[in-house]
Each structure stands twice: as C-alpha cells, then as structure tokens.
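>>> Sequence and computational prediction follow.
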Amino acid sequence: MVTEITAPEPLGTTLLDELRAAVTGAVLDPGDPEWDVARLPWNRLVDQQPLALVVAADAADVAATVRWAARNGVTVSAQPNGHGASAALDGTVVVRTAALGDIWVDADARVARVGAGVRWGDLQTALDGTGLTALIGSNPDVTVVGYSLSGGLSWFSRAYGPGAASIRAAEVVDASGALRWVRSDDPADADLLWALRGGGGEFALVTALEIELHPAPRIYGGLLGYPAEAAGPVLRAFLDVTRSAPEELTAWFTLMHLPDAPFIPAELRGLSLAVVTATYLGDAEAGERLLAPLRAAGPVLRDTFRVVAPGEVGLLAEEPVDPVPAVLAGTRLHGFDDDAVDELLRVAGAGSGTPLLQVQLRHVGGALARERVPAAAGTADEPYLLTGLTIVPSPDLAPLVSAALDQLFTTFAPWSTGTAPLTFLDRDESIRRAYPAATVDRLRAVKAAVDPTGIFRGNRPVDG
C-alpha cells in the first residue's frame, strides 16, 4: 500500500544557511535542482519527503548537524545509502553517511571497525584470505551499520546469531551532539548498547561500529535453478534437508516469476523457476553430501555452486544493487507441513497468476534461538521465514501487489507466528510486529533516557 504524503513545512533560509555554515559536506534542500533525485531512497517506491539532506563529509559533520538540530528543534535521521526507507523519515533532516568509509580489520582479535558508509561487499572483500567472515546478509550494497542496527539476518546467522549480536561497540553522536564510543565494558552504556543491537536508529546517530568476526576457513555456496514444474519435489526435498541440517548450512527455497525485462538475463526472461540458494560453512565435499537430495529432486537448469571467498558471499543470491521500486514483506512460521506445501504451490507456483516476483521460504533457527549477548534483536526459534517480494514499476500497480501479499500471508496464517524480523516489515508497519511488547517498552524507556527531546528518528520509530 502506498501512503499519501503530505509535504512538511520547509526550513527557512536562515536555518539552512546556519546548517551549511556548520558542516563541510553538502546541504541540499527542495530548492536545489537535484533535490527530487537526491532525496529518494534506494527503494524508489518510497517517496520520502525530508526537510533537507546533509551529505556528511565525516563524523564531525554528523555531530555538527545534531548540535544544529538540537538548537533548532529539528529531528534528524541517518540514511547511509538509502536502504530500509520508510515514511517515518518525512519531515526530518536526513544525514547521508556514505562518505564514512573507513575499514579496519584485526584478524588475530577477530574484530573489524567500519564507518557508517561501509557496504557489506567492501567489508567482506577486506576479509578475503583471513579465514573469517562477518554476518553478511544477501545483498552486498547494504551498509554494515544500517543492517546491524536493524537486527541483521545473515547467511551465517544459523551458526552465529543475528548481526546485531556481533556489535561490540559503537561510535555515536548522542543527543547532546557529542561524538563518543559506546562500549560493552561501560555499565553506564549497557542500556544504550542493548538498544543499538537491533532497535534501529532511534537512539543516536551511529558513525562507526566495531563488530565481531567469525570463523569461516571454507565457504561453499551458490544456487540451483529448476523448471517451475519441479517445484513440488524440490520443495519437499528442501524441507527434508532443512529439518536435519547442521547449523553450518543455510538454505532458501524460492518460487520465482521473472518479468520480460532488460535487467533479467535474456535466456531467463518471462520464465517461472524454482530456486534453491544455500551457503555452507565447510568444504565442498561435505556441502555436496548435504545438497544431494536437492540435486536429485528435479532437472537442474542452472548451477552456480562453488567455493567462494568472503567477498563473493553477497553475490550468491544475485539480488539487484541498483535502486528499484519494490515491496518486501515477511512472516515467521512455526512449521511447514504437507498442507503448507500444497498451499504455497497453489498461491505462488506456476499458473497461480501471482504478481509477486518471488515468494521465498528461508530456513532460520539455529543460533538465532540462543542469546549470545544482551540485544534488542532478541531470539527467534521459528524454523522458517516466509517472504514475498516484487518490483513495482508503477505506483498504480501497488494495490495489486498489496492484495497479493495479503493473500499470501492470509493463506499462511495457520502456520504464522504473526511476527517478522525488523527488516522484513512492510514499510508502514510498526516495530511492534517485530518485537515482544516487553522489548518495545524497554526500547521506549531507553529512548526517553538518551533522547528525551526526540532529536533522532529511525525508520521504525519505537513510539509507532
């Protein structure tokens, strides 16, 4: 569903001049010729309407912006490169932190420090040859900081937990405009660090993170593509494999309906496919033994499985990195039985007529069900996550897509917990669908303590 946007009151010339004088980076406002492109997030379906954009040159610019905002009663939001956008950022000054691109790795200590603009592909490439990985998601273009603050569901979360739990320390600009580090060894920062580990951008503007790295001496991964008519046997084999899979193996099953569009490889345009994508923290031989039932489940049209370096992990799912108009939503499932198989094939398989580009069943659980460190991201012991995704080339098609997602999630209500990870909420949904009431209450209490005047606004406000 597309939300109707009401344009906020613009900032006056005096305030904008003061802000420009305070920072060395660029300040853009609705009067600038490039505004209508610059203000847009990665998801072009979200028509966000900020008051201004600060393209920060460094952490000092971020701090100066927050001090300016505190003096003038303006709300600020961080958006490194536009992922995770929602209408909540309307009426704020959006701080773009893409220029904060420093990466520091201590392989012996298994720790990395990254600026707020560092993208996952860049960090993972820096880890090539170390035998270590960070908890990267499925797309190399997403920033490490934005992903980690929002929970972070990784290819390796079944083995090592959510990305948020790997945050060891954070460099932040707090509500007073002070640039400082929030560390796990400082009891005074315990609540704030807990909130930063999955609570989003409501508590401070984060300029850098120090994160834990994890052993990955060998990584095997790729995808298998099958004709749509093999979807039933492949899905059943996927369920058999995942029910007994070790935590080192993560696999997704996807029903994919590819449009006849230029960004799709010519040989795949207009096709419906069943796809299994997986990673294994181990050698190819052991990975192939685990995947054998899937290889036998149907004719394989495409096979990209290979030994990969950490820097290649973000490419395995072959997700787009260029901005697109899209809708993504998900729900956790407490199980997936034979009836669920039949329903998934009915509403999303070949011949269903669904407008969704893909419907995906992700195997989760494992270490996600165990608390590693105190974190707002919490634990989740559900074995599967069901998601729907589609590209929406025109806003006029949004109601059709919304209806298809409603149908998908209504169909799976008997298997659904009604919850979803923070990054799999539809863009107008409340944080309350991601976290238990007690977690949301604690997040609100932390917000009141560290940001009593409400200077910071994340894409999922804790009072929403």
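Structure received.
>>> Please work out how many residues are found near residue 114.
26 (other CB atoms under 10 Å). (Each C-beta comes from the backbone N, C-alpha and C, glycine too.)
>>> Over to it. Which of the three states is it?
strand (DSSP: H, G, I helix; E, B strand; the rest coil).
>>> Give me the distance between it and residue 211.
7 Å (CB to CB, to the nearest Å).
>>> So for the two, which residues contact both of them?
Both residue 114 and residue 211 are in contact with residue 144, where contact means CB atoms under 8 Å, 6 or more residues apart in numbering.
>>> Which SSE is immediately downstream of the helix or strand hosting residue 37?
Taking DSSP states H and E as the criterion, the element that holds residue 37 is helix 35-38. Going down the chain from helix 35-38, the next helix or strand is strand 52-55, by DSSP H and E.
>>> what packs against that following strand?
Counting contacts by 3 or more CB pairs under 8 Å, 6 or more residues apart in numbering; DSSP states H and E, strand 52-55 packs against helix 13-22, strand 26-28, strand 93-96.
>>> what would those look like in a markdown table with distance to residue 314?
Output for the helices and strands packed on strand 52-55, formatted as a markdown table (distance: least, CB to CB, whole Å):
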| stretch | distance to residue 314 |
| --- | --- |
| helix 13-22 | 35 |
| strand 26-28 | 29 |
| strand 93-96 | 21 |
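>>> Apart from its chain neighbours, what residue comes closest to residue 73?
residue 453 (7.9 Å; CB to CB, 6 or more residues apart in numbering).
>>> now residue 107
Closest to residue 107 by CB to CB, 6+ apart is residue 130, at 4.4 Å.
>>> most tightly surrounded among the helices and strands packed on strand 52-55?
strand 93-96 (a mean of 24; mean count of other CB atoms under 10 Å).
>>> who does that strand pair up with?
strand 52-55 (parallel), strand 76-78 (parallel) (DSSP bridges).
>>> Can you say which of those strands is nearest to residue 239?
Nearest of those to residue 239, taken as CB to CB: strand 76-78 at 39.7 Å.
>>> can you pull the contacts of residue 98?
55, 80, 81, 117, 143.
>>> Now secondary structure too, for the residues you listed, in JSON lines please.
Below are the contacts of residue 98 laid out as JSON lines (three-state DSSP):
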{"residue": "55", "secondary structure": "strand"}
{"residue": "80", "secondary structure": "coil"}
{"residue": "81", "secondary structure": "coil"}
{"residue": "117", "secondary structure": "coil"}
{"residue": "143", "secondary structure": "strand"}
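>>> which of the residues you listed lies closest to residue 333?
Out of the contacts of residue 98, the member with the shortest distance to residue 333 (by CB to CB) is residue 143, at 28.6 Å.
>>> Could I get the full set of helices for the stretch 151-300 of the chain?
Taking DSSP state H, counting those that start in this stretch to define them, one finds helices in the stretch 151-300 of the chain at 157-160, 190-196, 231-243, 284-295.
>>> Are there helices or strands packed against the third one, and which ones?
Contact here means 3+ CB pairs under 8 Å, 6+ apart; on that basis helix 231-243 packs against strand 249-257, strand 272-280, helix 284-295, helix 338-348, strand 358-363.
>>> is it possible to export these to TSV including mean pLDDT?
As requested, those are exported to TSV (pLDDT from 0 to 100):
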stretch	mean pLDDT
strand 249-257	97
strand 272-280	97
helix 284-295	98
helix 338-348	97
strand 358-363	98
